[in-house]
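>>> Okay, here's the prediction I keep looking at, along with the sequence it came from:
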There are 2 protein chains.
Amino acid sequence: MNVSDPKLPEHEAIYKKIRNMILFGAVLPGQPVTILGLKDAVGAGVTPVREAIRRLTAEGALETLGNRRICVPKISAERVDEIYFARFSIEPKMVELAAERVTDANISELEALDNVVNAAIGAGDVEGYLESNFRFHFRLYDFAQTPILRKIAISLWLQVGPSLRVVSGRYGTSNLPDKHSEALAALRKREPIAAARAIEEDIRQGLDLTRQSLGV
Amino acid sequence: MNVSDPKLPEHEAIYKKIRNMILFGAVLPGQPVTILGLKDAVGAGVTPVREAIRRLTAEGALETLGNRRICVPKISAERVDEIYFARFSIEPKMVELAAERVTDANISELEALDNVVNAAIGAGDVEGYLESNFRFHFRLYDFAQTPILRKIAISLWLQVGPSLRVVSGRYGTSNLPDKHSEALAALRKREPIAAARAIEEDIRQGLDLTRQSLGV
DNA sequence: GGCGAATATTTTTGATCATATTCTGCGGAT
DNA sequence: ATCCGCAGAATATGATCAAAAATATTCGCC
């Protein structure tokens, strides 16, 4: 059916589909999620959807209530602290390593990705920002060549995704985190620490925004 | 069939069963894993096993090769660096928080758990050590009340588990990591930083052992 | 009208089956 | 001897169905 790649299993494709829905704000925090609902939403059988859901709950993107219902976790101030503590621990480290390993071609690719981010911000396109921002960050993290840390970062992003969507919707795109050009400048000069600091600042802006919207 | 708790779904029980097999060394790194094999090993249908496997691959405890086979990941020097970087970032922090929140009863409970660890070390019981050591650490982490960090830690332990088993088998129980009494002493004095340092040292011993066995 | 039990509906869960994919072993050609 | 291709076996995958569980609704009773 899906002509893109007949070899990779469907539960994998469904997983990515649902993951993107969560990452880019198609589902809201606290919103209940049913297998049959998702089945209709993504147009698949129930078996792949079930497997995708197990994977996403393992990553913290979904939560199983005591009874057998699934929902998108609502974030609290304590959880925000946890998530951002982990983000500060993991993501700058990846940037540091990436800065030691990037090629000039890699940096050009990141610049192109950042242009898309800036365009989305300029256009006030929240969904576009969320998606292009994700692409920029994780392409950068790719260059660190640390798949385990990357996996942790994905999990953390999945947990802030829904909330960030709410925040963005409320405050618009003008105050959205963006220290990308500072990071790129540091990459070009091959200054790992400076690059890590820039992304740390980027993360901090996201944290401030999230805290604001929680009224903490 | 399982009389323990008829309410919780089977895929959950199967997940824990397989997880324990991985954590406590019943499976070896690089070993291939099949759904039918696990089905027989844990005595369950194929559906719950499949869901458990998806969950475990999401946690990095299992790995899907390019073709549709599953195996227990073999660890490399680079992966060890990643995993232990993350452990050093996450686990001491949890201990620090736990030290601020533990009650005297909590500490007594931990002491009892540590006695089991020491008994296993004294008896040269590798499997018993792995299991009781896990219980001690994660009971301690429980007291931090940081479920997200805890989940990350579980994932990291799942990834070092199989290797640690190999290491233990090679060097015996005498050199196994154990800074628990130092940690307990710090807890009793309510010194969060000292407790965190003790666990950091505990982790470092595990790292050294793993590095040795990799010949790095 | 309000409360509680019983029924109906929806949803999840696990088993089973058909299909597709991959691996293995064998035979033949170079 | 090595490499290639072709059956045959084993495995994974996805759909479908039956049973269980949970939620929503209805009915009877006070």
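Happy to help now that I have it.

>>> Neighbours of the residue nearest to A:Val46 when sequence neighbours are not counted, how many?
Residue nearest to A:Val46 in three dimensions, not counting chain neighbours: A:Lys39, with 5.4 Å by CB to CB, 6 or more residues apart in numbering or on different chains. All C-beta spots, glycine's among them, are computed from the backbone N, C-alpha and C. Neighbours of A:Lys39 under the rule other CB atoms under 10 Å in any protein chain shown: 17.

>>> Wasn't A:Lys39 part of a strand?
No - per DSSP: H, G, I helix; E, B strand; the rest coil, A:Lys39 lies outside any strand segment and is helix.

>>> Which residue does chain A have closest to DNA strand D?
Nearest to DNA strand D, among the residues of chain A, is A:Gly45, at 1.7 Å (CB to the nearest atom of the strand).

>>> B:Leu184 versus the closest residue in space to that residue that isn't next to it in sequence, what's the distance?
Among residues not flanking A:Gly45 along the chain, A:Lys39 sits closest, at 7.0 Å (CB to CB, 6+ apart). Separation of A:Lys39 from B:Leu184 (CB to CB, to the nearest Å): 51 Å.

>>> which of the residues in the helix or strand harbouring A:Leu149 are buried?
Using DSSP states H and E, A:Leu149 sits within helix A:147-171. Across helix A:147-171, burial judged by 16 or more other CB atoms under 10 Å in any protein chain shown covers A:148-168.

>>> related to what we said a few turns ago, quick one: contacts for the residue nearest to A:Val46?
With contacts defined as CB atoms under 8 Å, 6 or more residues apart in numbering or on different chains, the neighbours of A:Lys39 are A:Gly45, A:Val46, A:Val49.

>>> Roughly how far does the nearest residue to A:Val160 once chain neighbours are set aside sit from A:Glu63?
Among residues not flanking A:Val160 along the chain, A:Ile83 sits closest, at 5.9 Å (CB to CB, 6+ apart). From A:Ile83 over to A:Glu63 the distance is 14 Å, taken as CB to CB.

>>> same question, A:Val27
Look at A:Val27 and A:Glu63: by CB to CB, they are 12 Å apart.

>>> returning to that earlier point: now intersect the contacts of A:Lys39 with the helices, please.
A:Val46, A:Val49 (DSSP state H).

>>> Make TSV out of the contacts of A:Lys39 and add neighbour count and distance to DNA strand C.
Shown next, in TSV, are these (neighbours: other CB atoms under 10 Å in any protein chain shown; distance: CB to the nearest atom of the strand, whole Å):
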residue	neighbour count	distance to DNA strand C
A:Gly45	11	10
A:Val46	11	6
A:Val49	25	9
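
>>> Report the lowest-confidence entry in the contacts of A:Lys39.
Scanning the contacts of A:Lys39 for pLDDT, the low point is A:Gly45. It has 93.
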